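> Let's see this in three dimensions:
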Amino acid sequence: MSATGESGQLGREGAKAPSAGEVVPCVAHHDRCTVWIATVNRWRVPGVPTLTPERLQALAAAVRSIRAAKRLTQEDVANRARLDRKTVSRIESGSYLLTFAALVSVADGLGVPLSELVRVYEERLGAGG
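Residues are numbered from 1 along each chain as shown. Reported below is the predicted structural model:
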């Protein structure tokens, strides 16, 4: 195989372009990111670290706490956030990894600023750890 890889494209660092989904060690940003994930177009993007169960549970507790304080049902939050009720249930059980957009939607559905949701999350995280 040539230095350009199967596709004939050179990576940004002049290395072989990785296959889509390939986990590639990061040599340029090793202090900030341990791996890069190859995308479909073969450019490398930083791998996103997974959340620990403790962090997901802290977020779940924060959402449940705010929802209960505002006397909202999961259905109320789902409708206001434009999410499925099952998604809200999964978030509250700590089994759903939210995107940033979903997190903003949940805060909107709860009727609180995102900063308030994050504050309660950090309180829950500190209480659990």
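
> Give the other helices and strands that the biggest helix by length in the chain contacts.
In the chain, ranked by residue count with DSSP state H as the criterion, the top helix is helix 53-69. For helix 53-69, the contact count by 3 or more C-beta pairs under 8 Å, 6 or more residues apart in numbering; DSSP states H and E identifies helix 74-81, helix 85-93, helix 100-110, helix 114-128 as packing neighbours. For the C-beta atoms, the positions are set from N, CA and C on the backbone; glycine is no exception.

> Can you mark which positions in it are buried?
For helix 53-69, a neighbour-count test (16 or more other C-beta atoms under 10 Å) marks 55-67 as buried.

> Looking at the residues you listed, which one is closest to Gly126?
Lowest distance from Gly126 to these (C-beta to C-beta) belongs to Ala58, with 8.5 Å.

> can you pull the contacts of that closest one?
Tyr121, Glu122, Arg124, Leu125, Gly128 (C-beta atoms under 8 Å, 6 or more residues apart in numbering).

> Please list all residues in contact with the third one.
Listed by C-beta under 8 Å, 6+ apart, the contact set of Arg124 reads Gln57, Ala58, Leu59, Ala61, Ala62, Ser65.

> Out of those residues, which comes closest to Leu97?
When the contacts of Arg124 are compared against Leu97 (criterion: C-beta to C-beta), the nearest one is Leu59, at 9.6 Å.

> does the closest one really touch Gly94, like I thought?
Yes - contact criterion C-beta atoms under 8 Å: Leu59 and Gly94 qualify, at 7.1 Å.

> what pLDDT does the closest residue in space to Leu97 that isn't next to it in sequence get?
Distances taken as C-beta to C-beta, 6 or more residues apart in numbering put Leu51 closest to Leu97, at 6.3 Å, once the chain neighbours are dropped. For Leu51, the model assigns a pLDDT of 70.
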